[in-house]
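J.: Any chance you can model this:
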Amino acid sequence: MVRTVRDALTDALNDLSEQKAFIHKLCESNFKGISPIRYRCIEGRGTYDIVDRIIKHYTEEDAAGVVIQVLEDINERQVSKILATDLEHIRNIGNGASDEVDKPVCKKAKYLEDTSCSAWEAIPYGQALRIHRICSDEEDRNRHLQTLKDALIRTGYGARLIDQQFQRATAKNRTDLLRRQTRDTVDRVPFVVQYFPGAEKLQHLLRSLQHVIDEDEHLAKAIPTPPLLAFKQPHNLKQTIVHSKLPSLQENSDHDTTQPCHSNLCKTCRIIDTDAIISRVNTIHQVHGTYSCNSANAVYLIRCRKGCPEAWYIGEIMQTLRQRMNEHRSTITRQDCSLPVGEHFSGHGHSASDLRVSVLQGGLHDTRQPRVAEQKLIAKFRTHEDGLNRDLGFMSHYL
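T.: Numbering: from 1, shown residues only. Below is the predicted model:
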């Protein structure tokens, strides 16, 4: 595919760390006496739409000059330089100039030197090196290299560049390539942050402030070199709804239930409900896993020992079941009727000894999972309609 001026302008705008400054300057600039583009025409638009608007407002040839001028005005000289070189390359191809080497202008990279084309060259070299290492037969290796060369040519690589990188790769001693490589240990202190857009700029910030650490005697010994910047993945929707661990498909056993912890000081052991199958009307729930008074990160069920049909309460816990039941027992003792459990079990003919508690689901390891499980089980047993739960849990405000 032939590279166009539109492609070069789009890539240049994508390379900007901040497009707002470019847009504001563009809407203030007069070029060859032509009135500037109105801000409302490109506000909130994508890069492709902005480039399309620039080309329509000016000509395609003038659009390149406008963008370069604006980039210079906002001190994006590196992007301006790359764009100018890219446009010159496009013009040379359009004028029929030889493109035998086919060494395209390298775009501004985030992890390479800005003016380096090593990324473009590294792909054929790396793939050829891999084939050279894997194939022990020279004829078989050459056949795979030819297949790779045909594929690279179809993507826009020049034959001369491919041959140069293939020759460089095959010149390596295959014995050395098969030998296990040992990496040098890095003594730099890791500085781990959650990734966010623009986090790459922290590297420059760490280096520029290294002198503050060097001036302190103790810090200079602990961190003699700039810290090693590393990013961890932020929590996303996939991690919330997709789990690598599948639920157990084994049949319920006698051990899948809630058992007392048998501690001498534990008051929750007396009210533990050991039923492995919980049923209500036409709803049946099997308990999977073994739980006790010390279980945490779970969803629990409270029922009345006297069999009150409406006395069903489902809740979620991050602390242990014992701690949560102590809180419920306290509300009953204080006759706190503002809470549903305290209201029922402090009423006439009831006491804290009428509590029965069991774990419905456990092994929930973050703050979201117990809340989601709680909501599902409340809806399953309908305890928000015919029970002590007053709503569906943490999503009640959105339903």
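J.: what's the offset of stretch 6-26 from the middle of its chain?
T.: Averaging C-alpha positions (Cα atoms, centre = their mean, to the nearest Å) puts stretch 6-26 26 Å from its chain's average.
J.: Show me what counts as buried in that stretch.
T.: Neighbour-count burial for stretch 6-26 flags 6, 8-13, 15-16, 19, 22-23, 25-26 (criterion: 16 or more other Cβ atoms under 10 Å). C-beta: built from backbone N, CA, C; applies to glycine.
J.: May I have the distance across that stretch, first residue to last?
T.: 17 Å (Cα to Cα, to the nearest Å).
J.: Can you list the buried residues in stretch 73-82?
T.: So, applying 16+ other Cβ under 10 Å, buried residues of stretch 73-82: 74, 76, 79-82.
J.: So which of the residues you listed belong to strands?
T.: Of these, none are assigned to strands by DSSP state E.
J.: can you put those residues in a markdown table and add pLDDT and distance to residue 265?
T.: Shown next, in a markdown table, are those (pLDDT from 0 to 100; distance: Cβ to Cβ, whole Å):
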| residue | pLDDT | distance to residue 265 |
| --- | --- | --- |
| 74 | 83 | 69 |
| 76 | 80 | 68 |
| 79 | 80 | 69 |
| 80 | 81 | 74 |
| 81 | 80 | 74 |
| 82 | 80 | 71 |
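J.: quick check, nearest of the buried residues of stretch 6-26 to residue 262?
T.: Using Cβ to Cβ, the shortest approach to residue 262 within the buried residues of stretch 6-26 belongs to residue 19, at 65.1 Å.
J.: nearest residue to that closest one other than its sequence neighbours?
T.: For residue 19, ignoring the flanking residues on the chain, the nearest one in space by Cβ to Cβ, 6 or more residues apart in numbering is residue 13 at 6.3 Å.
J.: With residue 220 instead?
T.: In space, residue 220 is closest to residue 214, 5.1 Å off (Cβ to Cβ, 6+ apart).
J.: which other residues reach stretch 295-304?
T.: Here stretch 295-304 makes contact (Cβ atoms under 8 Å, 6 or more residues apart in numbering) with 258, 273, 278, 291, 311-321, 324, 328, 341, 344-345, 350, 354-365, 369-370, 373-374, 377, 388.
J.: I'd like the distance between the residue nearest to residue 220 and residue 227.
T.: According to Cβ to Cβ, to the nearest Å, residue 214 stands 13 Å off from residue 227.
J.: I'd say residue 288 and residue 256 touch.
T.: Yes - between residue 288 and residue 256 there is a contact at 5.5 Å, judged by Cβ atoms under 8 Å.
J.: who has more neighbours, the two?
T.: residue 288 (20 against 17; other Cβ atoms under 10 Å).
J.: Okay, and the more buried one sits in which element?
T.: Following DSSP states H and E, there is no helix or strand that holds residue 288.
J.: mind checking the backbone torsions on it?
T.: Here is the backbone geometry of residue 288 (degrees, to the nearest 10): phi -110, psi 120.
J.: same question, residue 235
T.: Main-chain torsions, residue 235, degrees, to the nearest 10: phi -70, psi 140.
J.: same deal with residue 34?
T.: Here residue 34 shows phi and psi, under degrees, to the nearest 10, equal to phi -90, psi 130.
J.: which residues touch the residue lying closest to it once chain neighbours are set aside?
T.: Excluding the flanking residues, the one nearest residue 34 by Cβ to Cβ, 6+ apart is residue 58, at 6.5 Å. Residue 58 makes contacts with 31, 34, 66, as judged by Cβ under 8 Å, 6+ apart.
J.: cool, residue 261 as well?
T.: By Cβ under 8 Å, 6+ apart, the neighbours of residue 261 are 268-269, 292-294, 322.
J.: element containing it?
T.: Counting by DSSP H and E, residue 261 is found in no helix or strand.
J.: What is the neighbour count of the residue nearest to residue 220?
T.: 13.
J.: want to try CSV for the buried residues of stretch 6-26, with pLDDT as columns?
T.: Listed next are those as CSV, based on pLDDT from 0 to 100:
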residue, pLDDT
6, 80
8, 81
9, 82
10, 81
11, 79
12, 81
13, 81
15, 75
16, 76
19, 77
22, 82
23, 83
25, 82
26, 82
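J.: Out of those residues, the closest to residue 138 would be?
T.: Closest to residue 138, out of all of the buried residues of stretch 6-26 and judged by Cβ to Cβ, is residue 11, at 40.1 Å.
J.: Give me the three-state assignment for residue 303.
T.: strand (DSSP: H, G, I helix; E, B strand; the rest coil).
J.: Report pLDDT for it.
T.: Residue 303 is assigned 93 on the pLDDT scale.
J.: Going along the chain, name the helices of the stretch 51-200 of the chain.
T.: 60-73, 77-94, 118-134, 138-154, 159-170, 174-178 (DSSP state H, counting those that start in this stretch).
J.: Between those, which has the poorest mean confidence score?
T.: Sorting the helices of the stretch 51-200 of the chain by mean pLDDT places helix 77-94 lowest, at a mean of 76.
J.: domain ranges for the chain?
T.: Here the domain parsing of the chain from automatic domain parsing is 5-94, 118-178, 197-234, 269-398.
J.: With distance to residue 244 added, can I get these in JSON lines?
T.: Shown next, in JSON lines, are the domains of the chain (distance: least, Cβ to Cβ, whole Å):
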{"stretch": "domain 5-94", "distance to residue 244": "34"}
{"stretch": "domain 118-178", "distance to residue 244": "29"}
{"stretch": "domain 197-234", "distance to residue 244": "14"}
{"stretch": "domain 269-398", "distance to residue 244": "12"}
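J.: Ok, which of those comes nearest residue 188?
T.: Closest to residue 188 of the domains of the chain is domain 197-234 (Cβ to Cβ; 4.1 Å).
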